[in-house]
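Peer 1: Build me a structure from this.
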Amino acid sequence: MRTEDLLAAIATGLWRWDSVSGAVSYDAEAARLVGLPAEATTLPEAAARACFHPADWLEVKAIVDLAVAEGTLAEARLRIVDEKGTVLRTVRTRSRPMARGGSEDGYHLLGTLQEVPDPLPGTSAAGPPVTGDWRRNREAFLLDAGRALAEAMSTAEVLRVAAGLSMPGFSPEGLAVFGVQGERISVIGHHGPRAGADHPFHDIGLGSDYPAAEVVRTGRAVYLPTPEEYRGRFPAAWSLGRPRKRRSWAFLPLIVAGRTIGAWMAGFAHPVSFSPDERSVLTTIARMLAQALSRTALQETERELADGLQRSMLPASKPDIPGLTVAARYVPTGGGLQVGGDWYDVIGLPSGRTALVIGDVQGHDVHAAGIMGQLRIAVRAYASEGHHPDAVLSRASRFLAGLAAPDGPDGRYDPRFATCLYMEVDPVAGTLDIARAGHPDPAVRLADGTMMVRPTAGGLPLGIDPDTDYPTTRVVLEPGETLLMCTDGLIETGGHDLETGWDRIRKVFERPATLTNDPDALTNDSGTLPTDGLDSDDLEALADSLVQAVHGPPSHHTTGPLADRREDDIALLLIRREAEVCLVGPGSAPVRRTAVTVAQAEPERIAGTRQQLRDMLHDWADPDQVESAVLMLSEMVTNVLVHTDGDALLVAEVSGRHGARRLRLDVADSSDELPHRRRPGELASSGRGLLLLEMLADNWGVDPRGDGKCIWYELYEAAPDGAAPSGE
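Peer 2: Below you'll find the model as predicted:
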């Protein structure tokens, strides 16, 4: 007898469902059972679906999806309806999904159909119906669990989410997640009565006779609805765990991209039959949990790699420079591996001095990080050979230009440039010899808290022109002053340009040194006035404040004028020269002082000196006096460049209490020829310098020196017309 004849004799039909094409094929008996003519036929999915009750079709779809996921049989009851929706009969289907040849995404569903009698009145059905409320609760639970697992940023957070799962209708009493390490599996997170103690299955062999081990070996779920089934299938695990308070267990594989990375156990204090709907919920949670664990493990590996790479490229320990306090920060704010091209370094020189370096390689990727590491080593090597700052940057530029090499299989070149600020520090004299390659200028916080950006000479960024020269600028860091070196990320992050970026930094940089008008409030126990007001801990706090203002929550209230909110790495170095000065008498206050050299070949730096003077006088009482001071400065420096062959050395000093201060400005040059008073005509374009000094300065003069002369003026702070001085 043929198989078809045998099945027809017992009223059993065969059907086949292609998940890709949607075609459903019936033999003659199966066609009769679903209400079609008793002959073999093939229908599209929509026509086949019309033969079944709509609710039952959704049920069988969920059961089939579960069977595909678990590799098990799909079994369900289906009501057959006619065109009017009247139920004709109830059939039972048992089917198995089989992969389609050459396709990994689809499957064939092969199964049987058999009519089953309706239950008699007063008897129970095969199982409790699944209500719409239960389905809605399940969908809401899965959405909430999926959102929580997607938002988890670490393995610990994923495990906390898994421990807090409360499933609709059958909440587990205990949960455990098993991870795989070679040929061993161990508990990496658990929740329940044993959460505070060592788990009995903390470390077991992959070949052991335990449910979790079998799940990892086979990749198939294990459901244990009763203690008797647990004891019978896994006697060794039962005797070791002694799970007396639990009545049902589910062990599911955690599979990602076809690879089993662990197992998940849910234990229940009440009996659970593990119906298809319950298994569907557990399988879905296992899938989401596996994806979340795989994602967070990859993120933690990347963070660990980035942290290790960045730590290897930064100084190994906090720099110790006699007479100076140093604080440094590096904050990667971009994406990817969270490592980019910014760096800083502290280098001991053969002369006994110390070099401070800060730089930024173009780009924010692994390539930029690699170039940064090579460039940092090159700069350190050139500095350790004893070269001056200008020579160090010239050699580094040639080195970087030589790194351009084919990048990628198409042989394209990917040249990179880098900005850099190199500073050689003499802590005894307080001098800073600075060479700059396209990098932002440093800023100095004076002893009274005023911030000034120090213009320095510079050249092109490294790697653009190998023959570029990098002139050196000498800056004197006075006792109590703090210098800031930073990359453009600190200035421009948040859509800022240089002007608005420095304004934002100024508010934070000046804040710790806000001084009161009461000199008694400024003195310490020894009767001296701290010229800075910052100890090493305060300098660290200042570094944190600068980063928070740019990258932390406060930065969202200080966005710049540019449309996009650009993010960039942040590197900064803070250097404070330590000193305390004795009070000369009542009312003494810190002195603001700055010194600038304007070379014959750099007349454009006059604009920078004017801006520095305005910064020094930012809180001067009378704005007209500020403009007078700037005008006289411009006249004096220009006269040096026009009428002598040497450079102009400018020294400006503000002393006294607020409201009654004195500005003294000296401009020295190497010429011993004294200025002469002239009587220019109405159309003359020069000769009015001394006349301006007489009209605008409160006091002025010319002092001959052995190596030239110095012309100076003084202004005494006065309140604007009609206003009382702020010091009164």
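
Peer 1: And the helices in the stretch 1-150 of the chain?
Peer 2: 3-9, 28-33, 45-49, 54-70, 132-151 (DSSP state H, counting those that start in this stretch).

Peer 1: can you tell me which helix in the chain is longest?
Peer 2: The single longest helix within the chain, with elements called by DSSP state H, is helix 276-313.

Peer 1: in this protein, which helix or strand is least confident?
Peer 2: strand 528-530 (a mean of 41; mean pLDDT, DSSP states H and E).

Peer 1: Just name whatever secondary elements the helix or strand following that strand is in contact with.
Peer 2: Per DSSP states H and E, the first helix or strand lying C-terminal to strand 528-530 is helix 536-551. Packing partners of helix 536-551 (3 or more Cβ pairs under 8 Å, 6 or more residues apart in numbering; DSSP states H and E): strand 324-331, strand 482-486, helix 488-492, helix 498-509, strand 570-577. (Each C-beta comes from the backbone N, C-alpha and C, glycine too.)

Peer 1: now those in TSV, with mean neighbour count?
Peer 2: Shown next, in TSV, are the helices and strands packed on helix 536-551 (neighbours: other Cβ atoms under 10 Å):
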stretch	mean neighbour count
strand 324-331	20
strand 482-486	25
helix 488-492	24
helix 498-509	17
strand 570-577	24
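
Peer 1: any chance of the ones you listed in CSV, plus distance to F251?
Peer 2: Output for the helices and strands packed on helix 536-551, formatted as CSV (distance: least, Cβ to Cβ, whole Å):
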stretch, distance to F251
strand 324-331, 44
strand 482-486, 55
helix 488-492, 49
helix 498-509, 55
strand 570-577, 48
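
Peer 1: okay if I get those as a markdown table plus mean pLDDT and distance to A237?
Peer 2: Below are these laid out as a markdown table (pLDDT from 0 to 100; distance: least, Cβ to Cβ, whole Å):
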| stretch | mean pLDDT | distance to A237 |
| --- | --- | --- |
| strand 324-331 | 87 | 49 |
| strand 482-486 | 93 | 60 |
| helix 488-492 | 87 | 55 |
| helix 498-509 | 88 | 60 |
| strand 570-577 | 90 | 53 |
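
Peer 1: closest to G207 out of the ones you listed?
Peer 2: Of all these, strand 324-331 sits nearest to G207, with 47.4 Å by Cβ to Cβ.

Peer 1: Kindly state the distance between the middle of the closest one and the middle of its chain.
Peer 2: Its chain's C-alpha centre lies 19 Å from the corresponding centre of strand 324-331 when counted by Cα atoms, centre = their mean, to the nearest Å.

Peer 1: what sits up against the next helix or strand after it?
Peer 2: As assigned by DSSP H and E, the chain's next helix or strand after strand 324-331 is strand 342-348. Applying Cβ atoms under 8 Å, 6 or more residues apart in numbering, the set of residues contacting strand 342-348 from outside is 313-315, 319, 321, 326, 328, 330, 332, 354-361, 372, 376, 379-380, 383-384, 485, 487, 489, 569-573.

Peer 1: Give the buried residues for the lengthiest strand in the chain.
Peer 2: Secondary structure of the chain per DSSP state E: the longest strand is strand 87-99. For strand 87-99, the neighbour count (16 or more other Cβ atoms under 10 Å) marks 90-91, 93, 95, 97 as buried.

Peer 1: tell me which of these is nearest to S634?
Peer 2: Nearest to S634 among these, with distances taken as Cβ to Cβ, is P97, at 86.8 Å.

Peer 1: Show me what that closest one bridges to in the sheet.
Peer 2: Note on P97: beta-bridge partners by DSSP bridges are L109.

Peer 1: go on, I80?
Peer 2: With DSSP bridges as the rule, I80 is bridged to F52, R89.

Peer 1: Any idea how many residues pack against it?
Peer 2: Using other Cβ atoms under 10 Å, I80 has 20 neighbouring residues.

Peer 1: One more: the one 5 residues further on?
Peer 2: A count of nearby residues for G85, using other Cβ under 10 Å, gives 8.

Peer 1: quick one: it from R445, how far?
Peer 2: Separation of G85 from R445 (Cβ to Cβ, to the nearest Å): 83 Å.

Peer 1: Surely I575 is in contact with L324?
Peer 2: Yes: using Cβ atoms under 8 Å, I575 makes contact with L324 at a distance of 5.6 Å.

Peer 1: List the residues that are in contact with both of the two.
Peer 2: Shared between the contact lists of I575 and L324 (criterion: Cβ under 8 Å, 6+ apart) are residues V425.
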